[in-house]
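Novice: My questions concern the predicted model and sequence given below.
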Amino acid sequence: MTRILVISDIHANLPALEAVLSDAVGYDGVWCLGDLVGYGPRPNECIQLIRSLPNLVCLLGNHDAAVLGQIDVESFNHEASQSAVWTQNNLNAGSLEFLKTLPESTVVQDVSMAHGSPRNPVWEYLLDIYTARDNFEYFTTETCLVGHTHVPLTYELLENPRRAVLTQFVGPGVHRITTRSILNPGSVGQPRDYDPRTSYAIYSPEDKLWECHRVVYDIPTVQKWIREAGLPPRHAERLEFGW
Ligand code: ZN
């Protein structure tokens, strides 16, 4: 049975990424939904590690696009733009070249993927059932994977009346895919659902299963690195609260 490791929003948090990779044993491929960098202190190390993963599919996120100069860092809030500028100054040539190769969206094995949403891949947040319902018009596959909100959840499309049903995971959980669905694995490097543990998913296409996992990782070390790098202190503080 095929098992795909699905990760998103790593945000240069190396201890979190390493914790995910040692927890998620026995996967056949890795699908990464973007935002490899931004906020965190180890962008090159995270990109190098992600590039080494088997059967990798990797998308561009809004923070990756900002670092490449494809979108204006002024469109970010002050602290996010500070970290984007820091990342621009600290990325090596190989990391930059890799980010430049990333697409905004893709379809693999009959699964659509976008960082934010199928309608607006780099920018739109799927935070509510109405935005999610409208986005089912913008992909044709049964399943679409997104990140960007840093919250692990599923939206299922029901008809008569046409509506999207939201299920948010509180801790680990298993979801059986029975209808058209938009699935979010949460964030590896900066969870925002008040659970500070790193988040990832395992997608099993033959069984139509989506497993959400949470793992404790070494938050004090990445906080120390953020402060040492001179990145905004709030990026360090928020990690221990999961917000
Ligand atoms: Zn993000």
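Specialist: Arrived safely, thanks for sending.

Novice: average pLDDT across stretch 61-79?
Specialist: In this model, stretch 61-79 carries a mean pLDDT of 90.

Novice: going forward, begin numbering at 119 instead of 1
Specialist: All right, first residue 119 from here; so that's stretch 179-197.

Novice: Show me the contact partners of that stretch.
Specialist: Contact with stretch 179-197 is made by 126-127, 129, 151-157, 198-199, 202-203, 205-206, 209, 214, 217-218, 220, 233-234, 240-241, 265-266, 350, 352-353, as judged by CB atoms under 8 Å, 6 or more residues apart in numbering. Heads up, the C-betas are built off the backbone N, CA and C, glycines and all.

Novice: Give the buried residues for it.
Specialist: Going by neighbour count (16 or more other CB atoms under 10 Å), the buried part of stretch 179-197 is 179-186, 189, 191, 194.

Novice: which one in this protein is furthest away from the centre?
Specialist: Within the chain, Asn278 marks the point farthest from the mean C-alpha position, 31.8 Å out by CA atoms, centre = their mean.

Novice: picking up where we left off before, which of the buried residues of stretch 179-197 fall in helices?
Specialist: Residues of the buried residues of stretch 179-197 located in helices (DSSP state H): 180-185.

Novice: Looking at these, which one is closest to the ion?
Specialist: His181 (5.9 Å; CB to the ion).

Novice: neighbours around the nearest residue to the closest one once chain neighbours are set aside, how many?
Specialist: Once flanking residues are discounted, His181 sits nearest to Gly156: 3.0 Å by CB to CB, 6 or more residues apart in numbering. Residues contacting Gly156 under the criterion other CB atoms under 10 Å number 28.

Novice: okay, Gly156: pLDDT?
Specialist: Taking Gly156 on its own, its pLDDT is 96.

Novice: same thing with Asn278?
Specialist: Looking at Asn278, the pLDDT reads 91.

Novice: Equivalent analysis for the one 5 residues further on, please.
Specialist: Val283 carries a pLDDT score of 96 in this model.

Novice: Around the ion, pick out the residues from this structure.
Specialist: 127, 153 (CB under 5 Å from the ion).

Novice: Could you check the longest helix seen in the chain and say which residues are buried?
Specialist: Secondary structure of the chain per DSSP H: the longest helix is helix 196-208. Buried positions in helix 196-208, judged by neighbour count with 16+ other CB under 10 Å: 198-202, 204-206, 208.

Novice: which helices and strands does the helix or strand just after that helix pack with?
Specialist: As assigned by DSSP states H and E, the chain's next helix or strand after helix 196-208 is helix 211-218. Helix 211-218 sits against helix 161-169, helix 180-185, with contacts defined as 3 or more CB pairs under 8 Å, 6 or more residues apart in numbering; DSSP states H and E.

Novice: which one of those lies closest to Glu346?
Specialist: helix 161-169 (14.4 Å; CB to CB).

Novice: so where's this structure uncertain?
Specialist: For the chain, no stretch has pLDDT under 70.

Novice: quick one on the thing from earlier: how about the helices and strands packed on helix 211-218 in JSON lines, adding distance to Leu357?
Specialist: Output for the helices and strands packed on helix 211-218, formatted as JSON lines (distance: least, CB to CB, whole Å):
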{"stretch": "helix 161-169", "distance to Leu357": "15"}
{"stretch": "helix 180-185", "distance to Leu357": "16"}
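
Novice: Which one of those lies nearest to Val229?
Specialist: Ranking the helices and strands packed on helix 211-218 by proximity to Val229 (CB to CB) places helix 161-169 first, at 18.8 Å.

Novice: what helices or strands is the closest one leaning on?
Specialist: helix 132-141, helix 196-208, helix 211-218.

Novice: Could I get the buried residue list for the last one?
Specialist: Buried residues in helix 211-218, counting neighbours by 16+ other CB under 10 Å, are found at 213, 216-217.
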